[in-house]
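Student: Need the 3D shape of this:
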Amino acid sequence: MHVMPRQSRQRYEAICEASPDAILLVDHDGRITYANARVTDLFGYEPADLLGEPIEILVPESVQDEHVAQRDAYIADPAVRPMGVTLELSGQRKDGSKFPVDVSQSPIETDGNREFMAAVRDISEQEALRTKYRTILEAVPDAVLVADAETGEVIEANRQVADLSGYEPAELIGEPQTVVHPSGENASYRELFENHVGAGQSIFTQFPDGSDIYVETKDSKRVPVEINAHVFELQERQLVAGVFRDVTARKEYERQLQALHTATRWLMEADDSEEIAQLVADAASAILGYEHNVVRLADETSLQAVAVTEQAETELGERPAYPVDGDSPVSCAYRSGEPIRYDDVRSLEDDHDRGEAHAAMYLPLGDHGVISIVDPDAGAFDQSDEDLAFVLSLNAEIALNRLAYERNLERQNDRLDEFVSVVAHDLRNPLNVAQGLLATAQTEADLDHLDDLDDVLDRMAGIIDDVLTMVRCGYDLESIDALAFGNVVTSCWDTVATADASLEIEADGQLFADASRIRNLFENLFRNAVEHGSTSPASNARQDAVENGGKGVTVTVGLVEDGFYIADDGPGIPPDERDRVLEPGWTTNPDGTGLGLNIVCEIAQAHEWDIDVTESAAGGARFEFSGVRTAVGDESVAPSS
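Tutor: Numbering: from 1, shown residues only. So this is what the prediction gives:
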């Protein structure tokens, strides 16, 4: 307590008159004994009007009784209380209006009499700024904690803190900022706090070692967060505002993207379509967290379930195949090439069995198939789920395209290998013979050798025809069309040098095939039947076919349900050779290319037909094709010759 002599009091009052704050002296009874001129500006009273009045005249009526008790307690045990103490105080003007104030108090003694000084400051501007600050604080959508930069003590918290941590804002005021972080890790989070106070402003989601930053909720759950820390000053106090954003969804999305990346790498390494389908079904579970997934791959007419997750099989049962041209969501997604999503697929009210499925997504895999992702909860999927599923389906389509491209490339390489073999061997040999014959004819003037030369050149022409069919055209199909079986057969027969050989069509109708490739197939089989059924030795078979027409050779063709056949009455194929006749290079004719029947096999495989080599009823060769879409007619067709 400060003791002040009378002359010093006079000097003190002179100083008080110069103060920008309202200065009041109060006696033991709480009555005003002095007021400086500044009280007029703050409270509207003249200083003389306040002398002898209780100090409560300057306090709002609603808190006057409470203030009397606080005043008496202070007089009984006085102490210096500076401004800036976090108390919400108000003053009341002469006109009854109220305004926020800050008050400092201290006891003084003059000539043995104790009095109590109060310095009152209008903090309306600071409160307006503080109100604006509080408004902004509450408007921030994320949780915000404001802490003392020096002590780490929480002094402010907005309502969003409760949503993130489970703590009410009032529960955190006065607590260390580490209270919202995992227990047992206070030192690490305190160090993190101090480091970022020094940085002034920083956004961080991890410790320097790369580990995540968490908020520990009131019920001890950990929530990964991003903190945007900003250091600022308010009322001459350095503070740190920390904006806490829950990044659980972001972390999950990052995990999903990593899982998608891993799945994509596996897809690109897969060796067959069934493996890709299973990888896609499993990846949908790993990435999206939905366990009821089915991948269907397309064949000519239907979408077959080739990969089903365990939970889908257990809870939904055996999954059906759907027709490509059907009305199911699977079929529609496949034909349209666009994803289809239902919050509740049962709203369709169709006859398709979907077990307990409600929410559903159907995503096409290009022209390869469809992935179905379903869940028992209606509305389970959001846009993020659909976006990730779309990327997965797109990657699966790319992987299946890659696989098809590689298979096609392998076939092309095989054809090129065969081509090289033919050029290097089959063409070189007759070319050497032709050159020798020509040299002999030139030196001996023997025109008889020119006939032999013509035979060799004809042989070379046959080789060239087969190679061009193989290399230029390949075996890929352009389109499948309904073809008149008898017309196609007759047209091909007329193209081949058959002379007196005869053709019989036992059953006619429609055949669904690629028009160009089926001609190659028939022409090669007809040529094979005529040449191997000719009456001359094998070395002259092709020429004999031209001159004598393979006299006596009859070729019989017919259409049956699910296929067709081509048979002849020639010498046939030995049983132990029938498994090899379709391989490249196989021939019993030393002048043959060994490509004709292999071309037949490749064309059949391109159509996904099966081919079987047997013995005809006449003891010759019979080629049977099955798995063929046909429509057998009743019309009989006259034989051709």
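Student: Mind telling me which residue is nearest the centre of this structure?
Tutor: residue 388 (2.8 Å; Cα atoms, centre = their mean).
Student: Mind telling me what element it is part of?
Tutor: Using DSSP states H and E, residue 388 sits in helix 383-421.
Student: what's that helix packed up against?
Tutor: Contact here means 3 or more Cβ pairs under 8 Å, 6 or more residues apart in numbering; DSSP states H and E; on that basis helix 383-421 packs against helix 248-269, helix 273-288, strand 359-364, strand 369-375. For every residue, glycine as well, the C-beta is placed using N, CA and C.
Student: Apply 10 Å and report the result again.
Tutor: Judged by 3 or more Cβ pairs under 10 Å, 6 or more residues apart in numbering; DSSP states H and E, helix 383-421 is in contact with helix 248-269, helix 273-288, strand 292-298, strand 340-342, strand 359-364, strand 369-375, helix 448-468, helix 596-606.
Student: so which of those is the most packed in?
Tutor: Among these, strand 369-375 has the highest mean neighbour count (mean count of other Cβ atoms under 10 Å), at a mean of 27.
Student: What pairs with it, parallel or antiparallel?
Tutor: Taking DSSP bridges as the criterion, strand 369-375 forms sheet pairs with strand 292-298 (antiparallel), strand 359-364 (antiparallel).
Student: Using PDB, write out the CA atom coordinates for that strand.
Tutor: What follows is strand 369-375, C-alpha atoms only, in PDB (Å, rounded to 0.1, in the frame of the first residue of the first chain):
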ATOM      1  CA  GLY A 369     -18.000 -56.600 -70.200                       C
ATOM      2  CA  VAL A 370     -19.500 -54.900 -67.100                       C
ATOM      3  CA  ILE A 371     -18.600 -54.600 -63.400                       C
ATOM      4  CA  SER A 372     -21.500 -54.600 -61.000                       C
ATOM      5  CA  ILE A 373     -21.000 -53.000 -57.500                       C
ATOM      6  CA  VAL A 374     -23.900 -53.300 -55.100                       C
ATOM      7  CA  ASP A 375     -24.600 -52.700 -51.400                       C
END
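Student: Now do it and helix 273-288, the angle between them.
Tutor: Interaxial angle of strand 369-375 relative to helix 273-288 (axes from the mean of the first three to the mean of the last three Cα atoms, to 10 degrees): 30 degrees.
Student: Just want the angle from strand 369-375 to helix 383-421.
Tutor: 160 degrees.
Student: Following element in sequence after the least confident helix or strand in the chain by mean pLDDT, please.
Tutor: Here the helix or strand of the chain ranked lowest by mean pLDDT, DSSP states H and E is helix 541-548, holding a mean of 42. As assigned by DSSP H and E, the chain's next helix or strand after helix 541-548 is strand 554-560.
Student: helices and strands around that following strand, which ones?
Tutor: Packing partners of strand 554-560 (3+ Cβ pairs under 10 Å, 6+ apart): helix 485-495, strand 502-507, strand 509-513, helix 515-532, strand 563-568, strand 621-626, strand 630-632.
Student: buried residues in stretch 346-356?
Tutor: By neighbour count on 16 or more other Cβ atoms under 10 Å, the buried set for stretch 346-356 is residue 354.
Student: Alpha carbons of it, as PDB, please.
Tutor: Extracted C-alpha coordinates of stretch 346-356, given in PDB (Å, rounded to 0.1, in the frame of the first residue of the first chain):
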ATOM      1  CA  ARG A 346     -35.300 -52.300 -56.400                       C
ATOM      2  CA  SER A 347     -37.200 -49.200 -57.700                       C
ATOM      3  CA  LEU A 348     -37.000 -50.900 -61.100                       C
ATOM      4  CA  GLU A 349     -39.500 -53.500 -60.000                       C
ATOM      5  CA  ASP A 350     -38.300 -56.000 -62.700                       C
ATOM      6  CA  ASP A 351     -37.900 -59.800 -62.400                       C
ATOM      7  CA  HIS A 352     -34.200 -59.900 -61.900                       C
ATOM      8  CA  ASP A 353     -32.900 -61.500 -58.700                       C
ATOM      9  CA  ARG A 354     -30.500 -59.200 -56.800                       C
ATOM     10  CA  GLY A 355     -30.600 -60.800 -53.400                       C
ATOM     11  CA  GLU A 356     -30.400 -58.200 -50.700                       C
END
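Student: and for it, what are the contacting residues?
Tutor: 292, 312, 314-320, 322, 326-330, 342, 345, 357-358, 360, 372, 374-378 (Cβ atoms under 10 Å, 6 or more residues apart in numbering).
Student: Show me just the buried residues among those.
Tutor: Judged by 16+ other Cβ under 10 Å, buried ones among these: 292, 312, 316, 319-320, 322, 326, 328-330, 342, 345, 357-358, 360, 372, 374-375, 378.
Student: Let me see the domain layout of this structure.
Tutor: Domain ranges of the chain: 2-122, 127-246, 252-405, 474-632, per automatic domain parsing.
Student: How far off centre is the last one?
Tutor: What it means is domain 474-632. Put simply, domain 474-632 sits 50 Å off its chain's centre (Cα atoms, centre = their mean, to the nearest Å).
Student: and if you look at the first one?
Tutor: Once both centres are worked out by Cα atoms, centre = their mean, domain 2-122 turns out to sit 71 Å from its chain's centre.
Student: Over it, what's the mean pLDDT, rounded is fine.
Tutor: When pLDDT is averaged over domain 2-122, the result is 85.
Student: so where's the stretch 251-400 of the chain shaky on pLDDT?
Tutor: The model of the stretch 251-400 of the chain has no residue with pLDDT under 70.
Student: What of the stretch 501-641 of the chain?
Tutor: 533-552, 584-596, 634-641.
Student: and the residue nearest to the centre of the chain, what is it in contact with?
Tutor: Contact analysis of residue 388 by Cβ under 10 Å, 6+ apart lists 253, 256-257, 259-260, 283-284, 287-288.
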